[in-house]
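**Q** Return a 3D structure for these sequence lines:
(3 chains)
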Amino acid sequence: MSKNAIIAGLVVFVAAALFPFWFNIGGTNAAPEAELSAKAKAAKKCVLDKYDMRANHMTILNDWRTSVVRNSDRMYKSTNGKTFGMSLSTGEDSCLGCHTDKAKFCDKCHNYASVNPYCWECHTDPKEVTNEK
Amino acid sequence: MKNKRENFLNKSSRRGFLKAAGISAAAIGIGAAPAIKAVSIASGGGDAVSNMPVTTPKAEVLKAKRWGMVIDTSKITDEVVEGVVAACRNAHNIPDFDHKPDEKKYPNTRPVNKTQEIKWIWEEHYKYAFPEMEDEFLADKFKSLPFLVTCNHCKNAPCVQACPTKATFKREDGIVIMDFHRCIGCRFCMAACPYGSRSFNFRDARPFIEKINPEFPVRSKGVVEKCNLCAERLERGLQPACVEASEGGIVVGDLEDPESEVRALLKENYAIRRKQELGTEPSVYYIM
Amino acid sequence: MLEIAIKGSKKYWIWLAVLLTVMAVAFAVYIDQFMNGLMITGMSRDVSWGFYIANFTFLVGVAAGGVMVVIPYYLHDYERFHRITILGEFLAVASLIMCLMFIVADLGQPVRMLNVLLYPTPNSMLFWDMCVLNGYLFLNIVIGWKVLEAERNQVKPPAWTKPLIYLSIPFAIGIHTVTAYLYCGLPGRGFWLTAILAPRFLASAFAAGPSFLILLCYLVRKFTKFDPGWEAIQTLSKIVCYALIANVFFFFCEVFVVFYSKIPGHMTHIQYLFFGLHGHNALVPWMWTSMILMFIGIGLLVVPAFRNNQTLLPFTCIMIFIGTWIDKSLGMISGGFVPNPLHHVTEYAPTVPEVVISLGVLATGLLILTVLFKLAATVKEEVRG
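**A** Predicted structure coming up:
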């Protein structure tokens, strides 16, 4: 009796633990490509290399935030010699100043990876603000 | 000193952290191929990653050893107050609880509790701005005069001492500022402030902002906020918004610089500060 | 030992089910607070702490009150407390867990609470409060568990528990002292800015904690076969008596200083609490109730005939518990914030959601307390039978 109960319990447990795998069987799960805006394409070089950016942009943003808020340094001189404003959304030399389409550049991958950065609770996509009025 | 130590910690732990963050983020999010590349970049010499940002402050930044504010009470009229409060509101996306939320964008917004409002700079009468100096024979003109009160950016700020996470801290130039990202919303600073200068975001502010200014972030619910002396404007070489709107009634400058305009004003006029007896050393002066 | 908790009478399970129901309802309300912010509370710009912090402050006292059985038993070898020491320690555990839950319920950004550890800030009293509260909780869990386990196995508790027990004594004093320091070091709040605050907190703690413990002893005696002993209860009631007198005495010291010196910034708060200010008087009936309850409590404890009356004593304890609760939670927090530093009067009253969430925290505490007391009582029964 208890043997069966244990086995049944184990089966339920394994099924539950593997939920993400069987739930996604058959779906299309190709990773999306971030779409570059014309401006970003023309600029060619971002703050860091493409792959470095892909893996580490959150850390860079974290450092920028510390730099701006706590050390009041707002300019970033990248290794490729260019300078950027250390800002997510304000100014031409900020992230969104170049990557003008937040939906296609940021949200696409974030949605795919189910990450929900709280940046946008406070910082605003300038386009969104101008559109609403 | 403290900042330096923090920076140092950042640097030494940075590479290890980046590796971990890079591996996990890339592997979970984007797929295997870039992950392998990210790892190879992160571990191979680490040219790109191990470099700390090389920062260069802009040339036009307004700087001071200790920022201070002088308010000439004779120049503050009701119209000036209105303009100053509105300018500050627009500059910093401060919600207005009298503003009716847009039903379409923010459906089912719950009714507001006015006592939970947010104020950075606002009007008070003399007996409230200087409660310990209440005087039954006070000159009539002072009784009805509008006094603008805001954060005093105290030299010995009790709020900075109280904050358990250094989310509110004193910059080297004297500005007491908030790191909204770090605030846990314990509101100890609000209890500590002897001037009632701090406000808490009891709710999401967006429905009550008529027009969002993209130049400044909105705040998330659950954090404390207050006047930042327009640190973001000073860094772009601009005077604080209240100064611009004050028609000469408010002057902001370097208290440590004997040649500054604020010092000249203080030399020539009798100025008082709020609750001076507490020893917090406010940096906001009122010319009487 | 924990297996004892899953064997109980029908009453036991019904009681746990009631508590779990309250917790579930409160959790649902908390989700609303979590999603929509502290707007659902009655707190405001002027009264920025409310019911949560008030209950937190009071329960720190109840937790610290546990030391009133630990000191006589471990430092003075007072044998009569042998049986109830574990109850005092477990009461401290439950109270501290409630304290921590109240703090988290009060945070605007609870998901960031570990920032207190990530960016330790020794100049903030909240940092130290976090250290002593967690330290005292840890000590009580370890000590209580180990000592009870040893009793069950009828062996001596491991030797290393002794230093921990001695360490827990300064920690008990520490939690309430540091909690008082949260308030009394703030320059702009005349009501709190007094050196008597920490002693007063301790005095009221040593009245509230042991009086609650007496009530619990009655309940344990009623619902289990374990008898904590009338002598122990009598000694506890004497402790409550002295502590309550000290609490009221300290309060009158404060009243004298404030009203004889007549410094307005200090007077207005007590005026608001007991007489109302500019027509605002929500707390006046509460404060007088509190005073009357504490005075009756003193009367009933000072006179031996009343104190030794087994039927009367629990009612005395209930009065004292309510009296000190009003004094230290409602009055202490609102009194400090009203009037505000600019002498505006904004009154505070908790909202229904706020009260429900608080009840949820209390239910959680009672659940933990029930389970722990069941363990203790059952072990004691086993050993004796």
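
**Q** Hmm, C:Cys184 is touching C:Gly190, no?
**A** No. Counting by CB atoms under 8 Å, C:Cys184 does not reach C:Gly190; the two are 10.9 Å apart. In this view, the C-beta of every residue, glycine as well, is placed from N, C-alpha and C.

**Q** Tell me the residue of the stretch 151-300 of chain C that sits nearest chain B?
**A** Scanning the stretch 151-300 of chain C for proximity to chain B using CB to the nearest CB identifies C:Gly188 as nearest, at 2.4 Å.

**Q** tell me the secondary structure for the closest residue in space to that residue that isn't next to it in sequence?
**A** What sits nearest to C:Gly188 in space, not counting adjacent residues and going by CB to CB, 6 or more residues apart in numbering or on different chains, is B:Pro194, at 2.4 Å. When classified by DSSP: H, G, I helix; E, B strand; the rest coil, B:Pro194 comes out as coil.

**Q** Contacts only, for B:Pro194.
**A** Counting by CB atoms under 8 Å, 6 or more residues apart in numbering or on different chains, B:Pro194 makes contact with B:Pro158, B:Lys275, B:Leu278, B:Thr280, C:Leu186, C:Pro187, C:Gly188, C:Arg189, C:Pro341.

**Q** Now distance to B:Asp173 and neighbour count too, for those, in TSV please.
**A** Shown next, in TSV, are the contacts of B:Pro194 (distance: CB to CB, whole Å; neighbours: other CB atoms under 10 Å in any protein chain shown):
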residue	distance to B:Asp173	neighbour count
B:Pro158	19	23
B:Lys275	23	22
B:Leu278	23	19
B:Thr280	18	23
C:Leu186	26	24
C:Pro187	23	19
C:Gly188	24	20
C:Arg189	29	24
C:Pro341	26	24
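
**Q** which of those lies closest to C:Glu382?
**A** C:Leu186 (50.6 Å; CB to CB).

**Q** Surely the closest one and B:Met190 touch.
**A** No. Applying CB under 8 Å, one finds C:Leu186 not in contact with B:Met190, separated by 10.2 Å.

**Q** okay if I get the contacts of B:Pro194 as CSV plus pLDDT?
**A** Output for the contacts of B:Pro194, formatted as CSV (pLDDT from 0 to 100):
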residue, pLDDT
B:Pro158, 95
B:Lys275, 94
B:Leu278, 94
B:Thr280, 94
C:Leu186, 94
C:Pro187, 92
C:Gly188, 88
C:Arg189, 93
C:Pro341, 93
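
**Q** In strands, which of those residues fall?
**A** Nothing among those maps onto strands, per DSSP state E.

**Q** which SS class is the closest residue to chain A within the stretch 101-250 of chain C?
**A** Distances between the stretch 101-250 of chain C and chain A by CB to the nearest CB are smallest at C:Val111, namely 9.2 Å. Secondary structure, three-state DSSP: C:Val111 is helix.

**Q** count of residues packed around it?
**A** Residues lying near C:Val111 (other CB atoms under 10 Å in any protein chain shown) number 11.

**Q** Would you point out which residue of chain A is nearest chain C?
**A** A:Tyr118 (9.2 Å).

**Q** Wait, that residue touches B:Ser220, no?
**A** Yes. Between A:Tyr118 and B:Ser220 there is a contact under CB under 8 Å: 6.9 Å.

**Q** quick one: which of the two has more around it?
**A** Comparing A:Tyr118 with B:Ser220 by other CB under 10 Å, the one with more neighbours is B:Ser220, at 21 against 11.

**Q** Spatially nearest residue to C:Pro110, not counting backbone neighbours?
**A** C:Val104 is the one closest to C:Pro110 (CB to CB, 6+ apart), at 5.2 Å.

**Q** Let's see the helix or strand the one you found falls within as CSV, backbone CA atoms only.
**A** Using DSSP states H and E, C:Val104 sits in helix C:85-106. Provided in CSV are the C-alpha atoms of helix C:85-106 (Å, rounded to 0.1, in the frame of the first residue of the first chain):
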residue,chain,number,x,y,z
THR,C,85,11.3,28.9,31.3
ILE,C,86,10.7,27.1,28.1
LEU,C,87,7.3,28.8,27.7
GLY,C,88,9.0,32.2,28.0
GLU,C,89,11.6,31.3,25.4
PHE,C,90,9.0,30.0,23.0
LEU,C,91,6.9,33.1,23.5
ALA,C,92,9.9,35.1,22.6
VAL,C,93,10.3,33.1,19.4
ALA,C,94,6.7,33.6,18.3
SER,C,95,6.8,37.3,19.1
LEU,C,96,10.0,37.9,17.2
ILE,C,97,8.7,36.2,14.1
MET,C,98,5.7,38.5,14.3
CYS,C,99,8.0,41.5,14.7
LEU,C,100,9.9,40.6,11.6
MET,C,101,6.7,40.0,9.7
PHE,C,102,5.4,43.4,10.8
ILE,C,103,8.6,45.0,9.6
VAL,C,104,8.3,43.3,6.2
ALA,C,105,4.6,44.2,6.0
ASP,C,106,5.6,47.9,6.6
